[in-house]
Every structure is written in structure tokens, then in C-alpha cells.
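In: Structural data only, the sequence is not supplied:
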């Protein structure tokens, strides 16, 4: 089989497979019923939003409290603890 024919056959197979995949993934749209994994539960969405809000609060606290006196003292204590651990491991 010549090289150009081989390339055409391979391209046709790839195109056919891509069409099948798209049809399989969008079959729920033709049926009119939403896929269960496509639509998250409302309570799950609310819980995820609350988790994200908590993470943002923590990040804001880290960004703003990093240079306060308490933060420096906490960092110093943590460094002392790590130094003691390192000394204990040796």
C-alpha cells in the first residue's frame, strides 16, 4: 500500500474515533436527561464554596500576619523546635 493511502486510512480512523467519542460524551444532551456526574449536587457545591472561603481566610491571614510580632515569635519557636529535632536525630 502506498504511503499516501496509509496516511489517509489512518486519518480516517482517527476522525471516526473522534466522532464516536464526541457522540458518546454528548448523548445525554440528545436524550434530554442530564448526566449525574455533569451536575453537582447543590449541597456539595455550597460545601465546596464554604471550604474555599475558609482557605481564602487562611491565606489572607498568612499574607497579612506574617510580619507581626506574634508571627515572628511563633517562627522563632518553630525554628528552635526544628533545631532540637535536628540535634536529636544526629
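Out: Now that the structure is in, tell me what you want to look at. As the structure is a prediction and not an experimental result, all values here were calculated from the model.
In: now the strands for this structure?
Out: With DSSP state E as the criterion, the chain has no strands.
In: pull the helix or strand with minimum mean pLDDT from it.
Out: Every helix and strand of the chain was ranked by mean pLDDT, DSSP states H and E. The lowest is helix 27-31, at a mean of 66.
In: What is the burial count for residue 71?
Out: Neighbours of residue 71 under the rule other C-beta atoms under 10 Å: 14. Quick note: C-beta positions are derived from backbone N, CA and C, even for glycine.
In: Ok, the one 5 residues further on next?
Out: The local packing count at residue 76 equals 10, with neighbours defined by other C-beta under 10 Å.
In: Test for you: state the pLDDT assigned to it.
Out: Per-residue confidence (pLDDT) for residue 76: 87.
In: Next: the one 5 residues further on.
Out: On pLDDT, residue 81 comes in at 87.
In: so how far is residue 47 from it?
Out: Going from residue 81 to residue 47 by C-beta to C-beta, to the nearest Å gives 35 Å.
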